[in-house]
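**Q** Return atomic coordinates for the entry below.
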Amino acid sequence: MSAPSARLTTSLCRRATSAPRTVTTTQLQPRGLRSLSTTPSTTSLAPFRSRTRRPSARQSCSNRTAPSARPLSTTPARRFADADESFDPQTVERESDEVDVCIVGGGPAGLAAAIRLKQLANEAGNDEFRVLLLEKAGELGGHILSGAVIQPIAIDELIPDWLAEDNESRFTGATPAGGDSMRFLTKTMAIPVPMPPQMHNHGNYIVSLNEFTKWLGERAEELGVEVYPGFAASEVLYKSDGSVKGVATNDLGIARSGKPKESFERGMEFHARITLFGEGCHGSLSKQVISKFDLRRESQRQTYGLGVKEVWEIQPEKFKKGEIVHSMGYPLPYNTYGGAWMYHFGDNLVSIGLVTALDYPNPWLSPYGEFQKLKQHPLYRGTLEGGKCISYGARALIEGGFQSIPKVAFPGGALIGDSAGFVNVPKVKGTHNAMKSGMLAAESTYAALKDGDAGSVFLYGYEDALRESSIWKELKEVRNMRPSFHTPLGIYGGMIYSGLEAFILKGRVPWTLKHKVADHAATKPADQCAKIEYPKPDGKITFDILTSVSRTGTNHEEDQPVHLQVKDWDKHTAETWPKFQGLENRFCPAGVYEYVDDASKPEGVRFQINAQNCIHCKTCDIKAPNQDINWQVPQGGEGPKYYMT
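**A** So this is what the prediction gives:
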């Protein structure tokens, strides 16, 4: 099939994907958010969810209600439901499709890579060059969450007229950055402190990254990228020589018991000459290839933060378009790194959030609870009072910086964006680096593939280009700031050292500080730490966690295997509860984990996972003390459906 026909097919499928599906709403449950209590809303899921077979990227979606000419299986779906107990769904052959490049993840990095690849192919007249992008969210941007102030250096290069008035397809959601300020907070005071030069925002833009990502997706499709939201890549495929062959999407219609249901549908394989992994922070497939190819052999361990965010519509008289405020200190304790922000953007909208480093030691600390305390501080409460919270979300983010960047290329593929980790923590930005990494990978990929060699490809050019890029220079300069907060002086020692680096040393020192321990290993036993009691929410400025999760639009089918994998729940309880007293209850910003009183259990509690509440933040996979929670993708199209995040 010709490339134009493939583009037409993709366009038809994309439109079908946008068909709304009403989310049924029910009453909030007292323990866990079994079903979200929200105003009836719509969420876009791939149209193939209710079918017994899924069309390939080359197959016409206009015929999706009819039997496929090339079915996934010759076994009718109903027979799966009646199958013998021993039936293994994996014995059903998966349909496959072959493309030139497969990109996993529809965030800024993945979309920038896709756009750049098609730009190069189209400029060369290579209309047959296929770029396919898989995104687990039901629609592009649905799982994206960030502050966000973006530095436009990458988007200016990729799409120079992205804001031009004469461009009918321009992005209309960018608010030029205005006044900058930095505050050190005590419980009642906001003390002005010098702003490091890296944090200055002149020439930058405040955006909803959720909206920006949707817009990038539209630009990608215009160029001929085959975009498939609602397809969750769950498995890396390998060739006989060990190189990456592509990915497979997960099976659908599997019951919680592991048996196929009547709606069973085998996943699909996508084979590619190059596979780019742009899943964002701590992606489920990215961590697999990092381990398989030992990509961290020359780098330090990664370290993370958890960003918790709300978007508010505030009173017009309090709105200061373009104003940017950052703060450190309260409410976080002195030995916990983190910071907060408040950005005025759009029309009377404010983005407010708190990032808590996940190497915090006190298991009684709740990042969600700390965020609620932050909003009661006069600096923030004064802006929010009289307003309305319209959106909530949370996401783990990369904080390791320069010394934690792994090798990014491996046989048959590469890591891009936060799958590798290019966030500039002192600058409080990463989107520009994520996009630039995607563009560098795209250029190296196209150069490697244009000659048509059918063998396995290693992107040496991407590794080299990255080291010569602005990303490398920028991150190397600030490499010592984040780990400087590991001193016994905590936040105060880190601020002093970071000030020296920002204003005087500027990364020119011969040493590189290390991240001392893994985030999960930094947690102390509960009996060694002061217990933290969080105030009861007032329902106006502060909210209980289930009310907040109801604002995420989260939806998961309940009868499916738990995607938060714990091999032995009783063993987990025995090893974790006595020492940490329910740490999982507190680090999760979505009420997924609970310890329920149960006198029949040896510890007096029963561990419970409310997987349907999960907002895909990945915190559990990072912070679980014994590293026995493995986050895997649920069915494609499920999870949060973020709005203006």
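**Q** CA atoms for contacts and neighbours, from now on please.
**A** OK.
**Q** Find the residue at the geometric middle of the chain.
**A** For the chain, the residue sitting closest to the mean C-alpha position, by CA atoms, centre = their mean, is Gly280 at 4.7 Å.
**Q** pretty sure that one is in a strand, no?
**A** No: according to DSSP: H, G, I helix; E, B strand; the rest coil, Gly280 belongs to no strand; its state is coil.
**Q** Quick check, it in contact with Val423.
**A** No: checked against CA atoms under 8 Å, the pair Gly280 and Val423 is beyond contact range at 10.8 Å.
**Q** pLDDT averaged over stretch 130-149 - what is it?
**A** Stretch 130-149 comes out with an average pLDDT of 97.
**Q** and it, how far out from the chain's middle?
**A** Put simply, stretch 130-149 sits 8 Å off its chain's centre (CA atoms, centre = their mean, to the nearest Å).
**Q** for stretch 577-589, same thing?
**A** Using CA atoms, centre = their mean, the distance from the centre of stretch 577-589 to the centre of the chain it belongs to is 23 Å.
**Q** can you pull the buried residues of that stretch?
**A** Of all the residues in stretch 577-589, those buried under the rule 16 or more other CA atoms under 10 Å are 577, 579-589.
**Q** ok, now stretch 231-245?
**A** 231-237, 243-245.
**Q** Save these as TSV, and put in secondary structure too.
**A** Listed next are these as TSV, based on three-state DSSP:
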residue	secondary structure
Phe231	coil
Ala232	coil
Ala233	strand
Ser234	strand
Glu235	strand
Val236	strand
Leu237	strand
Ser243	coil
Val244	strand
Lys245	strand
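**Q** Now do the strands in the stretch 251-400 of the chain.
**A** For the stretch 251-400 of the chain, the strands defined by DSSP state E, counting those that start in this stretch occupy 252-254, 260-265, 268-277, 304-313, 324-329, 338-345, 349-357, 388-398.
**Q** got TSV for the ones you listed, with mean pLDDT and distance to Leu120 too?
**A** Below are these laid out as TSV (pLDDT from 0 to 100; distance: least, CA to CA, whole Å):
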stretch	mean pLDDT	distance to Leu120
strand 252-254	92	36
strand 260-265	90	36
strand 268-277	98	16
strand 304-313	98	35
strand 324-329	97	37
strand 338-345	98	34
strand 349-357	98	36
strand 388-398	98	30
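**Q** number of nearby residues for Tyr381?
**A** Just to correct that, residue 381 is Arg rather than Tyr. A count of nearby residues for Arg381, using other CA atoms under 10 Å, gives 14.
**Q** Verify the stated contact: it with Phe371.
**A** No: using CA under 8 Å, Arg381 is not in contact with Phe371, being 12.0 Å away.
**Q** In the chain, where is pLDDT below threshold?
**A** Within the chain, the segments meeting pLDDT under 70 span 1-86.
**Q** And the closest residue to Gly110 other than its chain neighbours, how far from Phe402?
**A** Spatially, and ignoring its direct neighbours in sequence, Gly110 is nearest to Gly278 (5.2 Å; CA to CA, 6 or more residues apart in numbering). From Gly278 across to Phe402, the span is 18 Å (CA to CA, to the nearest Å).
**Q** Show me the contact partners of the longest helix along the chain.
**A** Of all segments of type helix in the chain, defined using DSSP state H, the longest is helix 431-449. Contact with helix 431-449 is made by 108-114, 116-117, 120-121, 150-155, 158, 273-274, 414, 416-418, 422-423, 457, 459, 461-462, 465-466, 471, as judged by CA atoms under 8 Å, 6 or more residues apart in numbering.
**Q** Quick check: Phe503 vs Ser327, distance?
**A** Going from Phe503 to Ser327 by CA to CA gives 19 Å.
**Q** which of the two has more neighbours?
**A** Using other CA under 10 Å as the criterion, Phe503 and Ser327 rank with Ser327 on top: 21 against 12.
**Q** In contact with that one, which residues?
**A** Contacts for Ser327 (CA under 8 Å, 6+ apart) come out as 182-185, 339-341.
**Q** Just say helix, strand or coil for Trp215.
**A** Taking three-state DSSP, the label given to Trp215 is helix.
**Q** tell me what whatever helix or strand Phe212 lives in is packed against?
**A** Assessed by DSSP states H and E, Phe212 sits inside helix 209-223. With contacts taken as 3 or more CA pairs under 8 Å, 6 or more residues apart in numbering; DSSP states H and E, helix 209-223 sits against helix 108-123, strand 226-229.
**Q** between it and helix 108-123, how many degrees?
**A** 20 degrees (axes from the mean of the first three to the mean of the last three CA atoms, to 10 degrees).
**Q** Give me the nearest residue to Thr523, chain neighbours excluded.
**A** Closest to Thr523 by CA to CA, 6+ apart is Pro361, at 4.2 Å.
**Q** Counting neighbours, what do you get for the one you found?
**A** Using other CA under 10 Å, Pro361 has 20 neighbouring residues.
**Q** Does it touch Lys524 like I think?
**A** Yes: using CA under 8 Å, Pro361 is in contact with Lys524, at 5.3 Å.
**Q** Now tell me what touches stretch 465-475 from outside.
**A** By CA under 8 Å, 6+ apart, stretch 465-475 touches 401-402, 422, 424, 433, 436-437, 440.
**Q** In it, which residues are buried?
**A** Judged by neighbour count using 16+ other CA under 10 Å, the buried positions of stretch 465-475 are 465-466, 471-472, 474-475.
**Q** same thing with stretch 559-576?
**A** Within stretch 559-576, the residues that count as buried by 16+ other CA under 10 Å are 560-566, 569-570, 573-574, 576.
**Q** next one: stretch 510-530
**A** Of all the residues in stretch 510-530, those buried under the rule 16+ other CA under 10 Å are 514-515, 518-526.
**Q** Could you export the residues you listed as CSV, including distance to Val101 and secondary structure?
**A** CSV is the format used below for the buried residues of stretch 510-530 (distance: CA to CA, whole Å; DSSP: H, G, I helix; E, B strand; the rest coil):
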residue, distance to Val101, secondary structure
Lys514, 36, coil
His515, 35, coil
Ala518, 34, coil
Asp519, 34, coil
His520, 35, helix
Ala521, 38, helix
Ala522, 40, helix
Thr523, 41, coil
Lys524, 45, coil
Pro525, 47, coil
Ala526, 48, helix
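**Q** I'd like to know which of those is nearest to Gly178.
**A** Closest approach between those and Gly178, by CA to CA: His515, at 34.3 Å.
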